[in-house]
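>>> how would this look folded up:
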Amino acid sequence: MFSQKEFVKFLDDYKGRLVETDDMLEESKVNYRVKKLAVFYGLKNHETFKSFFSNELGRKYLGIAKYVLNNVRDHELYGSQEIKQVANSLLNKYFDNTSIDPVYDNELLEGYCKFLCDFTRRNKIKQLKEELGEVNVNLDSLEFVS
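This next block holds a predicted model:
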């Protein structure tokens, strides 16, 4: 169910609706919603990951992302199996060979988990539409909210 291409599209679509900036890290210092997006935006692709990895604030966000993904993957009550698969896939792809320590940020944990839920929900509805044909759901209404 999870594909990196769909995750990247989800991140870029959300970024486009939220703010037009090329410097997510700088914008995240003054925009709370951009900060929430920036935590996972570092996992967009390996180039973005390297960019975040080479920046002190970016490394902090990657650490928060690792903490959240570990929490989602390992916690028995968090979310569905699909969300756990997304978390596991991102952990394997980006954090298996890095020395980034998880950064505890419980203040925003619920928001980060909601972000992953929105991504998996979009994919689930897309899959239903393919299987059933006519499903009347507005995907744009399923977006990350603060």
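>>> so who does the residue nearest the centre of the chain touch?
Computing the C-alpha centroid of the chain and ranking residues by C-alpha atoms, centre = their mean puts residue 40 first, at 4.0 Å. Residue 40 makes contact with 11, 65, 112, 115-116, according to C-beta atoms under 8 Å, 6 or more residues apart in numbering. To be clear about C-beta, it is placed using only N, CA and C from the backbone, and glycine gets the same treatment.
>>> tell me which element it falls in.
Assigned by DSSP states H and E, residue 40 falls within helix 32-41.
>>> Poorly predicted segments of this protein, please.
1-2, 76-79, 106-110, 122-146 (pLDDT under 70).
>>> Show me where it has its helices.
With DSSP state H, the ranges of helices along the chain come out as 4-18, 24-28, 32-41, 46-53, 56-74, 81-90, 109-132.
>>> Columns distance to residue 102 on top of those, output as TSV?
Below are the helices of the chain laid out as TSV (distance: least, C-beta to C-beta, whole Å):
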stretch	distance to residue 102
helix 4-18	20
helix 24-28	19
helix 32-41	12
helix 46-53	15
helix 56-74	4
helix 81-90	12
helix 109-132	12
